[in-house]
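1. 3D, please:
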Amino acid sequence: MKYLYRIYQYLIALPIFALITIFTAVTTIIFQHWRNSWWLHAIQAFWSRSFFYLLFLPVRVTGLENIDSHTSYVFVANHQSMADVFLIYGWLPVIFKWLMKAELRKVPFIGSGCRAAGHIFVKRGNTAAAVQSLKEAERVLHDGVCTVIFPEGTRSEDGQVGRFKRGALQIALDLKLPIVPISLSGCYEVMNRHEFHANWHPVHMHVGKPIDISTLAEEDVPTAIEQLREAVIQGLDTK
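-> Down below sits the predicted model:
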């Protein structure tokens, strides 16, 4: 059964998903003037959801009552696999912009679509580029438009939550926005960074309560980063 599932992925699911990807990218590019519209976001969300629909992966989402769609947040999530992106994009019911690595600009259709959608590219290791990315974030993150960041910086090697970098907290501090932890479970089992196929496994996204850091002192930042990481871990599905 496992091998039949993989054959189905390559011969049926992947070609269909590629067509949906091209359609979504082209639609986003054509209608980029309305990049913050709900109808365009719905098309992009369907693209993400189709990843799970085509692979028959069960999705469970909890904690959406913790957020207000009219408030701008900095969402931070653990990063288990590429499936994380599809899960958040498909089921987080807010308009948001990814803070994503600059290398993704070069991916056919994906890079062009992300630029048209207004996602923010960050060139890691370049201070000047990082400052420019922050200015871009300040320009777009208002009136309910949010951002999503993976503070580990890269996908987990073993499914465990790694050390959080300061960047996500610093952006929230600079923009005076509340932080919301997102806990993703099951995505590592679906597709870890060492595999090029998906495995059948249920996934769960839990959205935690917003954390107000507007009065956080500079000396308390390291402790706050660890508390944020702990909030993400607490929301993981351990069943």
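2. and the pLDDT at the closest residue to residue 69 other than its chain neighbours?
-> With sequence-adjacent residues excluded and distances taken as Cβ to Cβ, 6 or more residues apart in numbering, residue 69 is closest to residue 94, at 5.4 Å. From N, CA and C alone the C-beta is placed, and that goes for glycine too. As predicted, residue 94 sits at a pLDDT of 93.
3. what pairs with residue 62 across the strands?
-> Listed by DSSP bridges, the beta-bridge partners for residue 62 are residue 206.
4. that one against residue 204, yeah?
-> Yes: in terms of Cβ atoms under 8 Å, residue 62 counts as a neighbour of residue 204; the distance is 7.3 Å.
5. neighbour-wise, which of these two wins?
-> residue 204 (19 against 14; other Cβ atoms under 10 Å).
6. ok, the more buried one - contacts?
-> 59-62, 183-186, 237 (Cβ atoms under 8 Å, 6 or more residues apart in numbering).
7. can you report phi and psi for it?
-> Dihedral pair for residue 204: phi -140, psi 130, per degrees, to the nearest 10.
8. pLDDT on the strand or helix carrying residue 26, on average?
-> Element membership for residue 26, per DSSP states H and E: helix 14-30. Mean pLDDT, helix 14-30: 93.
9. how many neighbours does the residue nearest to residue 69 have?
-> Residue 94 has 20 neighbours, counted by other Cβ under 10 Å.
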